[in-house]
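>>> Sharing a model that was predicted from the sequence below.
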Amino acid sequence: MPGSALEPVSLAVFAKLQGDETLQGLTPGGWHDDLPQAPTYPCGWFEVRERDIRGFGTGGLPEVELRTHVLTAYAGKVEAMRINSRVVQVLKDAALVVEGYDQCGLIFWDDSAPIADEEINGVKVKEIVGFYRIYVEEQ
């Protein structure tokens with residue numbers, strides 16, 4: 001019986017993001033599950049969290065919240081918007097192969113939100129966060 005779905009879902013999301021050649025061309029700094037200390041821009045990272053929504057039954061039906069973060073040092077938000085748009089195209093309504101789980105439906109894209117300018121290691125960056133939901137059922 002699987003425990004937490006975080007690791008297998010993370011691996012599946014990473015494979016989906018890494019597998020898209022267009023997205024790789026837009027983010028030469030790569031995609032990460034932990035932002036490097038000195039990232040190359042533009043780049044992206046993602047995070048996941050889960051909660052069990054199975055109700056009174058047995059087994060597991062985690063709802064996994066996925067957040068993607070697009071980071072760019074470009075002077076305006078256009079580059080971050082273009083990259084986020086591609087991330088949405090790659091993930092929205094996508095199927096994942098999640099070890100130990102069956103995906104219930106496809107990936108739900110909820111929304112995207114620009115974040116106020118921030119500074120990372122002395123570099124002013126623009127950020128857009130995408131919010132998604134993934135439902136998986138233990139096999």
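Good, I have the coordinates. Numbering: from 1, shown residues only.
>>> Tell me the secondary structure at the spatially closest residue to residue 43 that is not a sequence neighbour.
Among residues not flanking residue 43 along the chain, residue 29 sits closest, at 2.8 Å (CB to CB, 6 or more residues apart in numbering). Just so you know, the C-beta spots here come from the backbone N, C-alpha and C atoms, and that holds for glycine as well. Of the three states, residue 29 takes coil according to DSSP: H, G, I helix; E, B strand; the rest coil.
>>> what's around residue 29, how many residues?
Applying other CB atoms under 10 Å, we find 17 residues neighbouring residue 29.
>>> show me what contacts the residue nearest in space to the middle of the chain?
Geometric centre of the chain, nearest residue: residue 68, 3.7 Å, by CA atoms, centre = their mean. When contacts are counted by CB atoms under 8 Å, 6 or more residues apart in numbering, residue 68 is found next to 17, 44-46, 84, 87, 91, 129-130, 132.
>>> Among those residues, which lie within helices?
Cross-referencing the contacts of residue 68 against helices under DSSP state H gives 17, 84, 87, 91.
>>> ok, now how distant is the second one from residue 131?
Think residue 84. Remark: distance between residue 84 and residue 131 (CB to CB, to the nearest Å) = 11 Å.
>>> Looking at the two, which is more packed in?
residue 84 (24 against 14).
>>> Which residue, other than its chain neighbours, is closest to that one?
Using CB to CB, 6+ apart and skipping residues adjacent in sequence, the residue nearest residue 84 is residue 128, 4.3 Å away.
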